[in-house]
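Trainee: Sequence first, then the predicted structure:
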Amino acid sequence: MPVNETLATYSDWTFNSAVGVYVLAMVLYLCEQAFSRAPKKEPVAAGGIPGLVEEPRRDLGRPERLGRMGAALTVLGAALQLVALVLRGLSTGRAPWGNMYEYVILLTLAAVVTWIVLMAKFPIRRLGGFVLLPIVILMFLGGTVLYAEAAPVMPALQSYWLAIHVSVISISSGILLVPGIASILFLIKDRKPEKFPKVPSTDVLDRIAYRSTVLAFPLFTAGIICGAIWAEAAWGRFWGWDPKETVAFVSWVVYAAYLHARATAGWRGRGAAWINVLGFAFTVFNLFFINLVTSGLHSYAGLN
């Protein structure tokens with residue numbers, strides 16, 4: 001199928017617009033974080049869990065308005081990203097995640113949607129700048145270093161498993177970016193809480209990390225299983241300890257250990273957070289180093 005260059009161009013423009021919107025949203029979040037006052041006390045929800053509800057405000061101050069504008073722009077950026085992904089798929093007539101550039105679009109979109117959902121459930125909007133920073137960096141690298149022209153995928157990827165395996169892995173990896181950042185903030189807040197009064201409580205950060213990981217882990221597991229089935233059909237074996245397969249398996253073990261640690265009383269808190277940060281590091285390592293530096297059966301980043 002020939003590539004529709006017009007739709008591909010519109011996709012690139014929409015993607016670049018999303019990056020710009022996220023940068024502006026990040027600035028607004030950081031302004032809210034910088035100029036808002038630290039809460040005098042942590043309110044307690046009906047279930048007795050501190051920090052899960054915000055103190056009622058009588059009026060909206062400037063920091064509050066900036067934060068709400070940042071949240072609105074985040075939703076707009078996610079919509080633009082979704083449009084960019086759909087246009088990319090329509091322009092090529094295939095699933096729009098056949099190279100690293102498209103993979104980054106889907107991964108970061110999953111991370112942003114996860115953040116939007118969490119903002120609706122927890123008083124964590126002020127942390128939006130810290131969450132959007134790595135997302136913007138990933139998107140900038142995707143649109144420059146990792147960028148690939150719209151084109152049909154290579155024969156090795158011309159399979160219905162592309163739409164299944166790669167989408168599930170990229171979405172789950174995007175979701176796992178959020179608990180990784182939450183765990184890093186947990187360790188910072190837990191070490192010196194008096195120096196970071198505007199950061200939500202460790203209870204809130206712990207629950208964000210745990211619930212996000214609980215959502216992403218089954219998807220990540222399903223993605224690995226689908227990849228093994230695809231490998232057997234394409235290469236005649238389910239598992240071959242290819243570098244990407246190996247790091248993906250190690251990441252899976254780390255996240256399984258985190259969920260086990262989180263459910264074990266003696267390992268809750270800092271111990272579990274460190275394990276989650278390790279899983280986050282493996283996810284980023286697998287995304288960049290394995291795809292771009294090492295050679296293996298998964299070395300088709302679309303950069304050649």
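Mentor: Cool, got the structure. Residues are numbered from 1 along each chain as shown.

Trainee: Please report phi then psi for N4.
Mentor: Per-residue torsions, N4: phi -80, psi 100 (degrees, to the nearest 10).

Trainee: for A281, same thing?
Mentor: As for A281, its main-chain torsions (degrees, to the nearest 10) stand at phi -60, psi -40.

Trainee: Distance check, it against V250.
Mentor: 11 Å (Cβ to Cβ, to the nearest Å). Quick note: C-beta positions are derived from backbone N, CA and C, even for glycine.

Trainee: And for G142?
Mentor: 24 Å.

Trainee: Which of the two has more residues huddled nearby?
Mentor: G142 (22 against 15; other Cβ atoms under 10 Å).

Trainee: Per-residue pLDDT of the nearest residue to that one once chain neighbours are set aside, please?
Mentor: Excluding the flanking residues, the one nearest G142 by Cβ to Cβ, 6 or more residues apart in numbering is V104, at 3.4 Å. Listed pLDDT for V104 reads 92.

Trainee: SS state for V104?
Mentor: Assigned with DSSP: H, G, I helix; E, B strand; the rest coil, V104 falls in the helix class.

Trainee: List the contacts of V153.
Mentor: R94, G98, N99, L162 (Cβ atoms under 8 Å, 6 or more residues apart in numbering).

Trainee: Please list all residues in contact with the last one.
Mentor: It refers to L162. Here L162 is in contact with R94, A95, W97, G98, V153 (Cβ under 8 Å, 6+ apart).

Trainee: Not counting its neighbours along the chain, what's nearest the first one?
Mentor: Setting aside the residues directly before and after it, R94 is nearest to V153 in space (Cβ to Cβ, 6+ apart), at 6.3 Å.

Trainee: where does that neighbour land in three-state SS?
Mentor: coil.

Trainee: if I look at it, how far off is L106?
Mentor: Distance from V153 to L106, by Cβ to Cβ: 14 Å.

Trainee: repeat for V117
Mentor: 17 Å.

Trainee: Likewise for V250?
Mentor: Note on V250: its distance to L106, by Cβ to Cβ, is 23 Å.

Trainee: for W239, same thing?
Mentor: Following Cβ to Cβ, the distance that separates W239 from L106 is 25 Å.

Trainee: Of those two, which one has the most company?
Mentor: L106 (23 against 13).

Trainee: Next, count neighbours for the closest residue to that one other than its chain neighbours.
Mentor: Using Cβ to Cβ, 6+ apart and skipping the chain neighbours, the partner closest in space to L106 is S170 (4.5 Å). As a burial measure, S170 scores 23 neighbours (other Cβ under 10 Å).

Trainee: Quick one: distance of the helix or strand hosting A261 to the chain centre.
Mentor: In the assignment (DSSP states H and E), A261 maps to helix 243-263. From the chain centre to the centre of helix 243-263 is a distance of 17 Å (Cα atoms, centre = their mean, to the nearest Å).

Trainee: Stretch 234-248 too?
Mentor: That offset, for stretch 234-248, works out to 24 Å (Cα atoms, centre = their mean).

Trainee: List the buried residues in it.
Mentor: Of the residues in stretch 234-248, D242, P243, K244, E245, V247, A248 count as buried by neighbour count, 16 or more other Cβ atoms under 10 Å.

Trainee: Between the two ends of that stretch, how far is it?
Mentor: With Cα to Cα, to the nearest Å applied, stretch 234-248 spans 19 Å between its terminal residues.

Trainee: Which helix or strand contains S159?
Mentor: Following DSSP H and E, there is no helix or strand that holds S159.

Trainee: thinking it is in contact with G227, fair?
Mentor: No. Applying Cβ atoms under 8 Å as the test, S159 and G227 come out as separate, 11.6 Å apart.

Trainee: Thanks a lot, see you next time.
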